[in-house]
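K.L.:
With the input below, show me the fold.
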Amino acid sequence: MVRLFVAVELPAAIRQRLAGLVWPIAGARWVAMENLHLTLRFIGEVDEGCAADIDGELARIEFDAFSFDLAGAGHFGSGNGARALWAGVAACQALLGLQAKIERAVVRAGAAPERRKFHPHVTLARLRRGGGARVEQFVVEHGGLAMGPIEVASFALISSRLGRGGADYTAEVRYPLNGGLADLDHVWAGALER
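P.N.:
Coordinates of the predicted model:
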């Protein structure tokens, strides 16, 4: 079994800037800089056969390269029930279009449809105790966040292994977009096998 999700990997300079937003909030577990990404579809635990089917469907996606901007900050959950802090994404029809194609591909490969509406964001921290007023202060302080444009020349199928120190992510396959990375081959990085 392998735990998978599909994401846009962020450039190092953007990840570094986002990692610099760390704020003192009790119970916050900040995402490590190297793990910052924009999830397009969480898949979860699947067997190797299903993973190969998902890969096959994702490899068929045709989509043009595009760019998006990060804009604003917010949280999921309210008050002391806040469970995550995030950097938002400015409205981007191309991003929504790519996500919709990925959703259809994953469902064709046998995964259950995603029931939640897609809310593009980059998770910055997970909260254990809600964080209260400090969460609201973070959102006010970073409400004007603006970074970009971020070029999207590919998307990735990423495996996640949970450990004591948090999650370890590995980009198993990168899928180039039209007009993106012309020399990027469809190659397995390791954990998945054809």
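K.L.:
And the average pLDDT for stretch 20-30 is what?
P.N.:
Averaged across stretch 20-30, the pLDDT comes to 90.
K.L.:
Mind listing what's buried along that stretch?
P.N.:
Buried positions in stretch 20-30, judged by neighbour count with 16 or more other Cβ atoms under 10 Å: 21, 23, 25, 28, 30. Where you see a C-beta, it was placed from the backbone N, CA and C, and this is true even at glycine.
K.L.:
What of stretch 115-131?
P.N.:
Buried-residue list, stretch 115-131, by 16+ other Cβ under 10 Å: 120-125, 127, 130-131.
K.L.:
residues contacting residue 144?
P.N.:
Going by Cβ atoms under 8 Å, 6 or more residues apart in numbering, residue 144 touches residue 72.
K.L.:
which residue sits farthest out from the middle of this structure?
P.N.:
Farthest-out residue of the chain from its mean C-alpha position, per Cα atoms, centre = their mean: residue 133, at 26.6 Å.
K.L.:
quick one on the thing from earlier: please narrow the buried residues of stretch 115-131 to those residing in strands.
P.N.:
Judged by DSSP state E, the subset of these located in strands is 121-125, 127.
K.L.:
In three-state terms, label the closest residue to residue 131 other than its chain neighbours for me.
P.N.:
Excluding its sequence neighbours, the residue lying closest to residue 131 (Cβ to Cβ, 6 or more residues apart in numbering) is residue 25, at 4.5 Å. Secondary structure assignment for residue 25 (DSSP: H, G, I helix; E, B strand; the rest coil): coil.
K.L.:
shouldn't residue 25 be in contact with residue 138?
P.N.:
Yes: Residue 25 is within contact range of residue 138, at 6.6 Å (criterion: Cβ atoms under 8 Å).
K.L.:
shared neighbours of the two, anything?
P.N.:
Counting by Cβ under 8 Å, 6+ apart, the shared contacts of residue 25 and residue 138 are 85, 131.
K.L.:
Residue 62 falls within a helix, correct?
P.N.:
No: with three-state DSSP as the criterion, residue 62 is assigned coil and is not in a helix.
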